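Colleague: the sequence isn't on hand, but the structure is:
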C-alpha cells in the first residue's frame with residue numbers, strides 16, 4: 001500500500017511539473033528534460049508512468065475531470081455543479097488551468113487535442129442522458145448535440161473571462177451561461193429546483209470530493225482515490241522533497257538546489 005501511495009504521489013508530481021512547463025513554454029517547445037528538472041524525478045520514474053510527452057499531455061487533460069462530486073437527485077443539478085466546480089478549480093488549481101490552456105493551444109500542431117474535449121463531452125452526454133431518462137429534459141433535446149454545445153459555450157466563456165480579468169469573474173459568467181442555456185433544454189418544473197448560484201461550487205466542495213488518481217497500467221496495482229477538501233494538498237511531494245524511482249518503486253530524495 002505504501003508503495004502504491006508513493007507511486008500515486010510521484011505521478012501527481014510529474015503531472016504538476018508537466019502542466020507548469022506546458023503552460024509556460026507551450027506543448028511544442030516543452031521538453032521531457034525540462035519536465036524532469038521541474039519534477040525532480042528520474043527518467044525511469046517518468047517513463048514508468050508516462051510513455052511519451054503526448055501521454056503526459058493526456059494525463060494533464062484528464063485532470064479536468066479527475067474528481068467525483070457528491071451525487072444529487074437531479075442529474076441537471078449535477079451538470080450545473082460540474083460546470084461551477086470546474087470554474088472554481090480553474091481559478092484555484094494551476095494544474096487544471098494548464099489542462100485547459102493545453103487543450104486550447106493552437107500552436108500544438110503535433111498534439112491531438114480532441115481527447116481533452118471528447119472526455120468532457122462524454123461526461124456531459126452521460127449526465128444529460130440520465131437527466132432525460134429521469135424526465136428532466138424537454139422531449140426535443142438531442143443529448144449529444146447539447147453536450148457539445150455546452151462544452152463549446154464553457155470554453156468560450158472561460159477564455160473571455162481569462163482575457164478580461166484572469167478568470168476572476170468566471171463563476172458569475174458560468175452562472176449567466178447556465179441561466180440562458182438551461183431554459184432551452186430543461187422542463188419548466190426543473191428550473192425552479194436548480195441551484196445555479198455563484199456560491200454553489202463553494203458549498204459543494206465544502207462537502208469534500210473524491211480524486212481519481214489512477215496509477216498507470218504499468219504501475220504497481222490498481223489506482224485508488226482519496227477524499228480531498230478545499231485547500232488540501234495536491235498530493236505532490238512534500239516541501240523540500242521530491243520523489244524519484246523507476247519500475248522497482250519510488251523513494252524520496254533531496255530536492256535539487258533551488259527547487
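Modeller: Structure's in. What do you need? All values derive from a computational prediction rather than experimental measurement.
Colleague: neighbours around residue 17, how many?
Modeller: 23 (other C-beta atoms under 10 Å). For the C-beta atoms, the positions are set from N, CA and C on the backbone; glycine is no exception.
Colleague: just residue 138 next, same as before
Modeller: Residue 138 has 13 nearby residues by other C-beta under 10 Å.
Colleague: my guess is it contacts residue 188. True?
Modeller: No: Residue 138 is not in contact with residue 188 according to C-beta atoms under 8 Å; the separation is 9.1 Å.
Colleague: measure residue 93 to residue 187 for me?
Modeller: 34 Å (C-beta to C-beta, to the nearest Å).
Colleague: low-confidence ranges, the stretch 1-150 of the chain, go.
Modeller: 1 (pLDDT under 70).
Colleague: quick one, helices of it?
Modeller: 2-25, 32-39, 43-49, 53-62, 75-92, 94-103, 114-133, 143-165 (DSSP state H, counting those that start in this stretch).
Colleague: coming back round to it: of residue 93 and residue 187, who's got more company?
Modeller: Neighbours of residue 93 and residue 187, each counted by other C-beta under 10 Å, are more numerous for residue 93; the result is 17 against 14.
Colleague: backbone dihedrals for that one, please?
Modeller: Note on residue 93: backbone dihedrals following degrees, to the nearest 10 are phi -120, psi 110.
Colleague: which ones are touching the residue nearest to the spatial centre of the chain?
Modeller: The residue lying closest to the centre of the chain (C-alpha atoms, centre = their mean) is residue 64, at 1.2 Å. By C-beta atoms under 8 Å, 6 or more residues apart in numbering, residue 64 lies in contact with 86, 96, 99-100, 116, 119-120.
Colleague: will you turn the helices of the stretch 1-150 of the chain into CSV that also has distance to residue 198?
Modeller: Converted to CSV, the helices of the stretch 1-150 of the chain look like this (distance: least, C-beta to C-beta, whole Å):
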stretch, distance to residue 198
helix 2-25, 26
helix 32-39, 34
helix 43-49, 37
helix 53-62, 27
helix 75-92, 8
helix 94-103, 19
helix 114-133, 21
helix 143-165, 13
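Colleague: so for residue 193, which of these sits nearest?
Modeller: Among the helices of the stretch 1-150 of the chain, the nearest to residue 193 by C-beta to C-beta is helix 75-92 (7.7 Å).
Colleague: how distant is the closest one from the center of its chain?
Modeller: From the chain centre to the centre of helix 75-92 is a distance of 11 Å (C-alpha atoms, centre = their mean, to the nearest Å).
Colleague: also stretch 85-96?
Modeller: The answer for stretch 85-96 is 8 Å, by C-alpha atoms, centre = their mean.
Colleague: hmm, residue 52 and residue 59 touching each other?
Modeller: No: at 10.7 Å, residue 59 does not count as touching residue 52 under the criterion of C-beta under 8 Å.
Colleague: which one's more surrounded, these two?
Modeller: More crowded of residue 59 and residue 52, by other C-beta under 10 Å: residue 59, with 22 against 10.
Colleague: OK, contacts around the closest residue to that one other than its chain neighbours?
Modeller: Using C-beta to C-beta, 6 or more residues apart in numbering and skipping the chain neighbours, the partner closest in space to residue 59 is residue 15 (5.3 Å). By C-beta under 8 Å, 6+ apart, residue 15 lies in contact with 56, 59-60, 63, 95.
Colleague: out of those, flag the one nearest to residue 6.
Modeller: residue 59 (17.4 Å).
Colleague: how about residues contacting stretch 25-39?
Modeller: By C-beta under 8 Å, 6+ apart, the surrounding residues in contact with stretch 25-39 are 13-14, 16-18, 20-22, 42-43, 46, 53, 56-57, 102, 105, 107-111, 242, 256.
Colleague: nice, that's everything, thank you.
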